[in-house]
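Peer 1: Any chance you could fold what I've pasted below:
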Amino acid sequence: MLASMADKPIVFALSNPVPEIRPEVANKVRNDMIMATGRSDYPNQVNNVLGFPFIFRGALDARATCINSEMQIAAVHALKELTHEAVPQDVLEAYELDSLEFSPGYIIPKPLDSRLRERVSNAVKQAAIDSGVAKAPAA
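Peer 2: Modelled structure (predicted):
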């Protein structure tokens, strides 16, 4: 299936603990893909800890009446923006890395990135305000 995909495919093999295809197998078939799994021992771990606590924090801070699409999209944009910024030294140390920058191997922030709390929560709160579902007064 990988061989039949268009150039530069994006593959999310998210079954856990065993992804539908392991990156080392996929890389033998394709060398031009972006791949993510649900596992912490591979690059681009898709982990609900990247969003759920912070989406809820932003919704609670806004006293939002719901979590709407605008708030979810704001969370995604906050995650995306973090991958384009310099990775803090404490994150590099936590993952025993010398460097990390936006690339096919880094499209999703690391779960231990302390910037997630503020960035995602604030983006979600602002989206709640902007979309009219916030009950808290704008600060």
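
Peer 1: Now do the helices in the chain.
Peer 2: 23-29, 52-62, 69-83, 89-94, 115-130 (DSSP state H).

Peer 1: Buried ones in the fourth one, by neighbour count?
Peer 2: Across helix 89-94, burial judged by 16 or more other CB atoms under 10 Å covers residue 91. Bear in mind the C-beta positions are built from the backbone N, C-alpha and C, glycine included.

Peer 1: How much space separates the residue most central in space within the chain from residue 60?
Peer 2: Geometric centre of the chain, nearest residue: residue 108, 4.2 Å, by CA atoms, centre = their mean. Separation of residue 108 from residue 60 (CB to CB, to the nearest Å): 24 Å.

Peer 1: now swap in residue 78 and tell me
Peer 2: Residue 78 sits 16 Å away from residue 60, going by CB to CB.

Peer 1: Of these two, give the one with the bigger neighbour count.
Peer 2: Neighbour comparison, residue 78 and residue 60: the larger count goes to residue 78, with 26 against 14 (by other CB atoms under 10 Å).

Peer 1: what separates that one from residue 113, distance-wise?
Peer 2: For residue 78, the distance to residue 113 - CB to CB - is 11 Å.

Peer 1: With residue 21 instead?
Peer 2: Residue 21 is 27 Å from residue 113, by CB to CB.

Peer 1: Comparing those two, which residue is more hemmed in?
Peer 2: Set residue 21 next to residue 113 and count neighbours by other CB under 10 Å: residue 113 wins out with 22 against 17.
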